[in-house]
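[1] Provided below are the primary sequence and the corresponding predicted coordinates.
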Amino acid sequence: MKNPLQPLTSLVRFLWSITAVLVAGGAVLRAVYTVQGSVCFKADSAPSPSVDGSPLYRDTVTAYPEVVQVCIPEPTIGDRLLGILESAPSAFAYAGTFLLLMLLLEKAAKEGIHTVDTAQRLTRFGVYLLIALPVTTLVEAVARTVLLLDSVTLDLDPMVFVSEWHLPAWAVVTGLGMLSLGAIMRTSASMREELEGTV
């Protein structure tokens with residue numbers, strides 16, 4: 001029997017493979033660089049150089065305002081940990097997204113689309129999108145803000161993390177859609193079971 005979810009299943013499997021390799025390789029390279037080298041991060045809230053010549057950044061910090069990048073050449077252990085947290089979580093979250101979607105499609109192709117189990121997996125996928133991606137980007141924003149506050153000499157409002165938080169709106173909308181679709185499929189699966197029981 002032909003898989004009704006093709007070619008989507010193959011595409012997601014391919015994307016998952018590529019993402020897994022890139023995330024694993026990127027995480028290793030990022031960890032090695034962060035542990036051994038400078039801690040660099042991009043911050044939308046990084047102030048531009050002062051026009052009157054007074055330094056806005058600490059002596060050991062180098063800022064590149066034209067690309068909104070700040071580097072800490074002599075980071076502490078805490079800075080290194082924050083350097084990893086300011087970019088790594090979302091990469092793993094996206095990899096998890098592809099993995100869950102791939103498993104969802106493969107199970108649905110094997111067991112059937114209109115089943116209670118498929119509806120439950122769809123609901124779990126929606127919950128994952130609603131929680132995992134927004135939370136990981138929030139963690140990154142907070143880590144980036146702490147690094148920025150520790151790099152500048154002037155007093156910045158800690159709430160600048162709001163401008164650093166790039167909320168993935170698509171994940172919220174898609175997650176809500178998956179929850180609704182899961183509820184519809186659960187109702188459809190229940191009706192199908194009732195009809196099969198009466199035949």
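    Structure's in. What do you need? Numbers count the residues shown, from 1 in each chain.

[2] Please make it C-alpha for all contacts and neighbour counts, starting now.
    Will do.

[3] quick one, strands of this protein?
    For the chain, the strands defined by DSSP state E occupy 39-42, 62-64, 69-72.

[4] So which residue is dead centre in this protein?
    residue 90 (2.6 Å; C-alpha atoms, centre = their mean).

[5] From residue 95, how far out is residue 22?
    9 Å (C-alpha to C-alpha, to the nearest Å).

[6] Same drill for those two, tell me which one is more crowded.
    residue 95 (20 against 14; other C-alpha atoms under 10 Å).

[7] Could you list the low-pLDDT ranges of this structure?
    Scanning the chain for pLDDT under 70 picks out 1-6, 8-9, 31, 33-37, 46-68, 154, 192-199.

[8] In it, what residue spans correspond to helices?
    With DSSP state H, the ranges of helices along the chain come out as 8-36, 77-85, 88-111, 116-151, 161-164, 169-198.

[9] Out of those helices, which is closest to residue 69?
    helix 116-151 (10.1 Å; C-alpha to C-alpha).

[10] in terms of contact count, name the helices or strands touching the closest one.
    With contacts taken as 3 or more C-alpha pairs under 8 Å, 6 or more residues apart in numbering; DSSP states H and E, helix 116-151 sits against helix 77-85, helix 88-111, helix 161-164, helix 169-198.

[11] swap the cut-off to 10 Å and go again
    strand 39-42, strand 69-72, helix 77-85, helix 88-111, helix 161-164, helix 169-198 (3 or more C-alpha pairs under 10 Å, 6 or more residues apart in numbering; DSSP states H and E).

[12] ok, residues contacting the fifth one?
    Residues outside helix 161-164 that contact it (C-alpha atoms under 10 Å, 6 or more residues apart in numbering): 42-46, 137-146, 148.

[13] could you redo the last one with a cut-off of 8 Å?
    43-45, 141-142, 144-145 (C-alpha atoms under 8 Å, 6 or more residues apart in numbering).

[14] Just confirm residue 41 contacts residue 70, I think it does.
    Yes. Using C-alpha atoms under 8 Å, residue 41 is in contact with residue 70, at 5.5 Å.

[15] Between the two, tell me which one has more neighbours.
    Legend: neighbour count by other C-alpha under 10 Å for residue 41 and residue 70, higher for residue 70 (23 against 19).

[16] is the more buried one in a bridge, and if so with what?
    Assessed by DSSP bridges, residue 70 has beta-bridge partners residue 41, residue 63.
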